[in-house]
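Trainee: structure of the sequence below:
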Amino acid sequence: MNTTLKGDLLEQAVFDYFTKQITEQRLPWSSEFCKVFRQKGYYSRDREGDIKFDVSIEFYLPEATEYSMVWLIECKNYSASVSVDNVEEFFTKVQQVAPANSKAVMVSNSAFASGGMNYARNKKIGIIRYFNSSDVKWELYRSPSAAMPMTGKEEQASVMNGLTLQDFKSSVFDLYMQGPECLTNSLWDFSTGMFEDSRLTKGQLKWARSSSIAPVCTVPYISQDELENRSLAVLRDCGYQNGAVSLDDICANEAKKSGLQVRRNVSNMNEAGRNQKLGQISFSSLEILIYEQAIPNQGRERFTLAHELAHHLLCHGKYMSGESCDDQDFALLQDAKALGSDVARMEYQANIFASCLLMPHTGFIGNFRRIAKWLDIPNRGFGELYLDTQPCNYRDYERVTEELMKFYGVSRAAASIRLQSLGLLRDVRSESEQYLIG
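Mentor: Numbering: from 1, shown residues only. Next up, the predicted model:
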């Protein structure tokens, strides 16, 4: 692909992105006072002619005929990092057209060199690294960066990695940004900083401010009791009695009801013969794929299928067009700040629902307590099953989960999720010591 065509594609993507966010009131400035342009010229006295910018956004005060502030955006579709020279050259262009009321914003699909980051910060230039939504694990209908609540300082190291590491892969966010004052994944946060750093007065900013509020989670909260009840309804529909749940029966029911298709042992190996993905769901074609693994693991495969079924049965297709999962997604608690609150809530719900589906509530608790009694594991007041780094406690944990794994046909990680969600397992190990899915 030639350089011009690559640049045009990124320009169009950025133009479409900001047009959509403004239309949907995702910026702190009211959409009725915003105009987005592509390749619009702005007059330069030095050149005695116009300088065209890839994308520009003009912000107007109510009843004004001239814009009060403009973002002048340059798009860099590079295979290498954006250098300090690139940033400095762009800033020089901006200074020629409207130094008093313009804000420079550079967007790139590649990383920024540290010198360019420093120069941009000192000159109050907005820096955005853009990731196409098709390259991320969760394809949300609403931009995760537009839906992200304000970013705290503890997440800024991750944002810096997204901005500066060339091989960085984003699992959720489409934007990694450096504004005048902070690093963030939040478009609202970035925009607020750009506005507040302008020459507009507080009164002017208040007058033109959007009636929208800062982003909040849009995926509704579902209690664990409700997730339990919904899973029991699914089990009743397929005639479940005892033991390992037949996911084939559930899939057959859903195929009749909604046309859901499930494909197993799908090949998706990389050159090293490894497959990072375990499963994937697409809501546009309503299809679940379970990928072939170099080392087969039936328990892991069953939980992967239950996890993807949960996304379907919980109607998460309202919020995303698709999702893929790997080992790291099978944790009881997902970090809302690292993933975005919508994704974290959907993943938590999917994991809890999947564990409820594979290990029905009443039978599971009874079986756990019979196993603990049979193995003579006492409750010493720290929890019915207590796990730390002591060998004796880890041995008890292994013995209990091994029996549950055999009875329900699940992985140890799945059994652990169920035990924790029911308050039967207290795991006090650090995150680095946590047992990975197996």
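
Trainee: in the host helix or strand of residue 311, which residues are buried?
Mentor: Using DSSP states H and E, residue 311 maps to helix 298-313. Residues of helix 298-313 classed as buried by neighbour count (16 or more other C-beta atoms under 10 Å): 299-313. Yep, even glycine has a C-beta here, placed from its N, CA and C like the rest.

Trainee: repeat for stretch 10-18
Mentor: Here stretch 10-18 shows 10-11, 13-15, 17-18 as buried, counting by 16+ other C-beta under 10 Å.

Trainee: need the helix or strand of this protein with the lowest average pLDDT.
Mentor: Least confident helix or strand of the chain, by mean pLDDT, DSSP states H and E, is helix 336-339 with a mean of 57.

Trainee: with just CA atoms, put the next helix or strand after that helix into PDB.
Mentor: Beyond helix 336-339 on the C-terminal side, the first helix or strand identified by DSSP H and E is helix 341-358. This file holds the C-alpha atoms of helix 341-358, laid out as PDB (Å, rounded to 0.1, in the frame of the first residue of the first chain):
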ATOM      1  CA  SER A 341     -15.900  -0.500  33.200                       C
ATOM      2  CA  ASP A 342     -18.200  -2.000  30.500                       C
ATOM      3  CA  VAL A 343     -15.800  -4.700  29.500                       C
ATOM      4  CA  ALA A 344     -14.900  -5.600  33.100                       C
ATOM      5  CA  ARG A 345     -18.500  -5.900  34.000                       C
ATOM      6  CA  MET A 346     -19.300  -8.100  31.000                       C
ATOM      7  CA  GLU A 347     -16.300 -10.300  31.700                       C
ATOM      8  CA  TYR A 348     -17.200 -10.700  35.400                       C
ATOM      9  CA  GLN A 349     -20.800 -11.600  34.500                       C
ATOM     10  CA  ALA A 350     -19.700 -14.100  31.900                       C
ATOM     11  CA  ASN A 351     -17.300 -15.800  34.300                       C
ATOM     12  CA  ILE A 352     -19.800 -16.000  37.100                       C
ATOM     13  CA  PHE A 353     -22.600 -17.200  34.800                       C
ATOM     14  CA  ALA A 354     -20.300 -19.800  33.200                       C
ATOM     15  CA  SER A 355     -19.300 -21.200  36.600                       C
ATOM     16  CA  CYS A 356     -23.000 -21.200  37.700                       C
ATOM     17  CA  LEU A 357     -23.900 -23.100  34.500                       C
ATOM     18  CA  LEU A 358     -21.200 -25.700  34.800                       C
END
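
Trainee: what's the angle between helix 341-358 and helix 298-313?
Mentor: 120 degrees (axes from the mean of the first three to the mean of the last three C-alpha atoms, to 10 degrees).

Trainee: now the helix or strand harbouring residue 158: buried residues?
Mentor: Under the criterion of DSSP H and E, residue 158 resides in helix 156-164. Neighbour-count burial for helix 156-164, counted by 16+ other C-beta under 10 Å, picks out 158-159, 162-164.

Trainee: keeping just the C-alphas, turn the helix holding residue 311 into CSV.
Mentor: The C-alpha trace of helix 298-313 is given here as CSV (Å, rounded to 0.1, in the frame of the first residue of the first chain):
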residue,chain,number,x,y,z
GLN,A,298,-11.3,-30.6,28.1
GLY,A,299,-12.0,-28.7,31.3
ARG,A,300,-10.6,-25.5,29.9
GLU,A,301,-12.5,-26.0,26.6
ARG,A,302,-15.8,-26.5,28.5
PHE,A,303,-15.3,-23.3,30.5
THR,A,304,-14.3,-21.4,27.4
LEU,A,305,-17.5,-22.5,25.7
ALA,A,306,-19.6,-21.7,28.8
HIS,A,307,-18.0,-18.3,29.0
GLU,A,308,-18.9,-17.5,25.4
LEU,A,309,-22.4,-18.9,25.8
ALA,A,310,-22.7,-16.6,28.8
HIS,A,311,-22.1,-13.5,26.7
HIS,A,312,-24.8,-14.7,24.3
LEU,A,313,-27.3,-15.7,27.1
